[in-house]
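> Take this sequence and fold it.
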Amino acid sequence: MFYTIRARIGVFYILLVLAMMIGLSLYLVEFVKRTSIADLDSQLEIQANIIGTMAAPLLRSGATADQIDALAREIGANIPSRITILNADGVVVAETLEDSATMENHASRPEIVQARLTGKGNASRFSDTLGYEMFYVAVPIRSDDQILGYSRVALSLDSVHAKIGRLENALIGATVIAAILAGLLAAWISNRTTRPLRDLILAANQMAAGKLDSRLIPSTKDEIGQLTQTFNEMAAQLSAEINDLEAQRGRIAAVLSVMTDGVIIIDSLNRVQLINPAAQEMFEIESDEGPGKSLFEVARHHQIEETLVKCRETDQSHSAYLQIGARRQYLQVTATPLGSGQPGNFLLLFQNLTRIHRLETVRQDFISNVSHELRTPLAAIKVMAETLVDTGLDDPPAALKFLSRILTEVDALTQMVEELLELSRIESGRVPLKQVPASPRQLLEQAVDRLCIQAERASLSLEVVCPDDLPRVMADPVRLVQVMVNLLHNAIKFTPAGGKIVLSAQLQKKKIQFSVQDNGIGIPAGEITRIFERFYKTDRARSSGGTGLGLAICRHLVEAHGGAIWVESREGEGSTFFFSIPLAV
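You can find the predicted model right below:
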């Protein structure tokens with residue numbers, strides 16, 4: 001009914017005051033009524049006794065009714081009361097307000113009956129004769145022990161009713177005033193009492209909205225003051241705990257955001273509760289698409305589902321390997337129950353093993369390529385050595401030819417080993433670069449000078465296209481010339497006679513872009529992405545001679561300078577190798 005403490009306090013306080021005032025009013029009205037009637041009874045009894053004393057001689061002497069009536073009227077002229085005198089039989093012999101001769105016998109009237117029995121009688125009733133309520137007091141008129149008649153005095157109760165009415169009006173006014181005062185006092189008390197509670201509610205709402213620094217100053221030392229102090233202590237403790245949780249949450253979020261492993265937490269219904277950026281990138285989903293969705297909407301793979309089912313059945317961690325996406329990512333998924341801390345929830349950890357898989361593939365290819373590259377010269381050396389042991393020493397010209405071939409194969413093996421060592425030192429960073437500002441034109445011209453004779457023998461023309469005003473690059477001239485020589489050597493080797501090779505350099509933003517362009521046999525489109533791998537060779541036409549390490553060395557040297565290298569080629573139309581080097585500051 002009442003939704004606020006102020007309303008309950010105010011209404012109940014007013015109702016209490018009204019109940020007290022109404023009860024007091026009823027008591028006072030009844031008390032005044034009884035007191036007034038008692039006073040009236042006493043007054044009328046005195047009058048009745050006096051009248052009885054005066055009328056006794058007349059009744060005793062047998063006076064006529066007219067004589068007694070004259071006495072009654074004489075007395076009634078001096079008092080406002082109605083006087084009635086009756087004989088012993090109840091016959092009215094005198095009446096001040098009516099004709100006694102016409103009045104009926106009053107022997108059965110209550111006050112007469114009571115006066116006959118107890119010596120005094122009173123009654124209040126509506127008078128049919130007079131038409132209003134009267135109060136009657138009757139006493140017997142005695143002569144010795146004999147009742148000669150009855151003296152009855154009556155007075156209208158209008159004065160008593162009027163007195164009581166005035167009292168009731170006064171009490172009603174007092175009750176209204178008391179109710180108003182009680183309402184004002186109740187409003188003041190309730191407002192003062194509930195103000196700390198309203199402040200507490202406001203502070204609690206502010207805390208619920210995230211303002212954890214809300215505090216209250218206790219205004220009293222009562223229970224509300226103690227509640228306010230307790231609230232402040234609770235707010236301080238809650239603020240500290242929430243700040244601690246926020247800090248922990250921030251640390252966990254920071255860890256999850258920088259983790260390279262994917263993390264997904266799911267509930268008992270396989271709905272995603274948490275997913276970190278690494279997992280979003282693995283499964284190619286937006287940041288707002290994961291939480292709340294089914295796991296199998298996010299990560300569609302049967303091995304994930306099988307691993308999760310095994311984890312649920314055994315309540316233990318289970319792992320599996322899988323390959324996902326067009327990028328052919330190799331992942332290891334580990335499903336782990338989160339235990340009693342989060343019953344029914346599971347942690348899925350996705351470790352990206354793509355790089356390790358690729359490194360393993362490269363290692364296997366490297367071993368295979370090295371074995372292949374070593375097998376041919378070693379087999380040739382073994383055959384020629386066995387031939388020399390068996391018959392070659394008897395034929396000096398043949399022996400010299402075999403020894404010359406052995407030296408050629410040994411030189412090839414030595415070159416391969418040196419290039420492998422060189423590549424290993426470059427990859428491990430054990431070849432320090434002595435970088436100085438260098439002119440792009442001078443670098444190109446040095447490479448051309450070293451291989452111009454070889455180009456002439458192959459009937460190829462070399463051209464250098466480089467503006468003289470190009471800014472310098474920050475480079476190790478020896479290593480950068482080595483890159484250009486390797487690229488130029490490949491262009492000479494795979495360009496037919498009569499072809500043309502163009503070496504150029506041009507400014508591209510804050511870098512110099514070098515290029516070596518030929519119109520040779522070109523590279524198949526499917527092999528361009530692997531051309532810079534160690535030992536990688538294309539078809540037989542391009543695999544004659546060489547170790548397959550030159551372009552790998554070029555890539556590592558260019559990247560060591562902070563640049564990039566790439567190739568554009570069409571099979572049968574030629575190739576252009578590009579690499580960029582940052583400008584000198």
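
> Look through every helix and strand of the protein and give the one with the lowest mean pLDDT.
When each helix and strand of the chain is scored by mean pLDDT, DSSP states H and E, helix 540-543 comes last, with a mean of 42.

> buried set for the helix or strand just after it?
The first helix or strand that comes after helix 540-543 along the chain, using DSSP states H and E, is helix 550-560. Burial within helix 550-560, assessed by neighbour count using 16 or more other CB atoms under 10 Å, is assigned to 550, 551, 552, 553, 554, 555, 556, 557, 558, 560. Where C-beta positions appear, they are placed from N, C-alpha and C, glycine not excepted.

> can you list the residues you listed in TSV and add pLDDT and distance to residue 306?
Putting the buried residues of helix 550-560 into TSV (pLDDT from 0 to 100; distance: CB to CB, whole Å) gives the following:
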residue	pLDDT	distance to residue 306
550	78	47
551	85	43
552	82	41
553	81	46
554	87	46
555	88	41
556	85	42
557	87	47
558	89	46
560	86	45
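
> list the contacts for residue 86?
Listed by CB atoms under 8 Å, 6 or more residues apart in numbering, the contact set of residue 86 reads 92, 93, 106, 107, 112, 149, 150, 152.

> neighbour-wise, which of those leads?
Scoring those on neighbours with other CB atoms under 10 Å, the highest-scoring entry is residue 152 at 30 neighbours.

> where's that residue relative to residue 60, distance?
Computed with CB to CB, to the nearest Å, the distance linking residue 152 and residue 60 is 18 Å.

> cool, residue 462 as well?
Spatial separation of residue 462 from residue 60 under the definition CB to CB is 179 Å.

> Please identify which of the two sits among more neighbours.
Taking residue 462 and residue 60 together and counting by other CB under 10 Å, residue 462 has the greater number of neighbours (20 against 14).

> From the contact counts, what lies against the helix or strand containing the more buried one?
Assigned by DSSP H and E, residue 462 falls within strand 461-465. With contacts defined as 3 or more CB pairs under 8 Å, 6 or more residues apart in numbering; DSSP states H and E, the secondary structure elements packing on strand 461-465 are helix 440-457, strand 500-508.

> Tell me the buried residues in it?
Residues of strand 461-465 classed as buried: residue 462 (neighbour count, 16+ other CB under 10 Å).

> got the buried residues for the following helix or strand past that strand?
Once the chain leaves strand 461-465, the next helix or strand it forms, by DSSP H and E, is strand 473-475. Of the residues in strand 473-475, 473, 474, 475 count as buried by neighbour count, 16+ other CB under 10 Å.

> any idea where the strands of the stretch 201-350 of the chain begin and end?
When assigned using DSSP state E, counting those that start in this stretch, the strands of the stretch 201-350 of the chain occupy the ranges 262-266, 272-275, 318-324, 329-337, 346-352.

> gap between residue 437 and residue 443?
With CB to CB as the criterion, residue 437 and residue 443 are 12 Å apart.

> Mutual contacts of these two, please.
Here residue 437 and residue 443 share the contacting residues residue 473, scored by CB under 8 Å, 6+ apart.

> so residue 183 is in which element?
Using DSSP H and E, the element containing residue 183 is helix 158-208.

> Could you list the paired strands of the strand holding residue 462 along with their orientation?
With DSSP bridges as the test, strand 461-465 is paired with strand 500-508 (parallel).

> quick one: average pLDDT of the strand it pairs with?
When the per-residue pLDDT values of strand 500-508 are averaged, the result is 93.

> quick one, helices of the protein?
Assigned by DSSP state H, the helices in the chain fall at 5-61, 65-76, 110-118, 158-208, 223-258, 277-282, 295-298, 302-314, 354-390, 396-428, 440-457, 477-493, 540-543, 550-560.

> Now do the longest one: distance to the chain's middle.
When distances are taken as CA atoms, centre = their mean, to the nearest Å, helix 5-61 is centred 72 Å away from the chain's centroid.

> re the thing from before, now render the contacts of residue 86 as JSON lines, adding pLDDT and distance to residue 383.
Listed next are the contacts of residue 86 as JSON lines, based on pLDDT from 0 to 100; distance: CB to CB, whole Å:
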{"residue": "92", "pLDDT": "89", "distance to residue 383": "176"}
{"residue": "93", "pLDDT": "89", "distance to residue 383": "181"}
{"residue": "106", "pLDDT": "87", "distance to residue 383": "171"}
{"residue": "107", "pLDDT": "88", "distance to residue 383": "172"}
{"residue": "112", "pLDDT": "88", "distance to residue 383": "169"}
{"residue": "149", "pLDDT": "91", "distance to residue 383": "179"}
{"residue": "150", "pLDDT": "91", "distance to residue 383": "173"}
{"residue": "152", "pLDDT": "91", "distance to residue 383": "170"}
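
> Among the residues you listed, find me the one that's closest to residue 375.
For the contacts of residue 86, the closest approach to residue 375 (CB to CB) belongs to residue 112, at 157.1 Å.

> Next one: the closest one from residue 79, what distance?
Here residue 112 is placed at a distance of 21 Å from residue 79 (CB to CB).

> same check, this time on residue 179
Computed as CB to CB, the residue 179 to residue 79 distance reads 44 Å.

> Please apply the same query to residue 397.
Applying CB to CB to residue 397 and residue 79 gives a distance of 186 Å.

> Next: residue 209.
85 Å.

> the more surrounded of these two?
Under the neighbour definition other CB under 10 Å, residue 209 and residue 79 were set side by side, and residue 79 has more, 16 against 9.

> Return the backbone torsion pair for the more buried one.
For residue 79, the backbone dihedrals (degrees, to the nearest 10) come out as phi -130, psi 150.

> Can you give me every residue that contacts it?
In this structure, residue 79 makes contact with residue 47, judged by CB under 8 Å, 6+ apart.

> State the pLDDT value of it.
84.

> how close does it get to residue 307?
When CB to CB is applied, the distance between residue 79 and residue 307 equals 119 Å.

> same thing with residue 29?
Residue 29 is 91 Å from residue 307, by CB to CB.

> Give me the more crowded residue out of those two.
Relative neighbour count places residue 307 above the other of residue 29 and residue 307, with 22 against 15, counting by other CB under 10 Å.

> now the more buried one: how far from residue 320?
As it turns out, when the distance is counted by CB to CB, residue 307 lies 5 Å from residue 320.

> Pull up the overlap in contacts between those two.
Overlap of the contact sets of residue 307 and residue 320 (by CB under 8 Å, 6+ apart) consists of residue 333.

> Residue ranges of each domain in the chain, please.
Residue ranges of the domains in the chain are recorded as 5-163, 262-351, 357-428, 436-582, according to automatic domain parsing.

> least reliable of those going by mean pLDDT?
Of all the domains of the chain, mean pLDDT reaches its minimum on domain 357-428 (a mean of 71).
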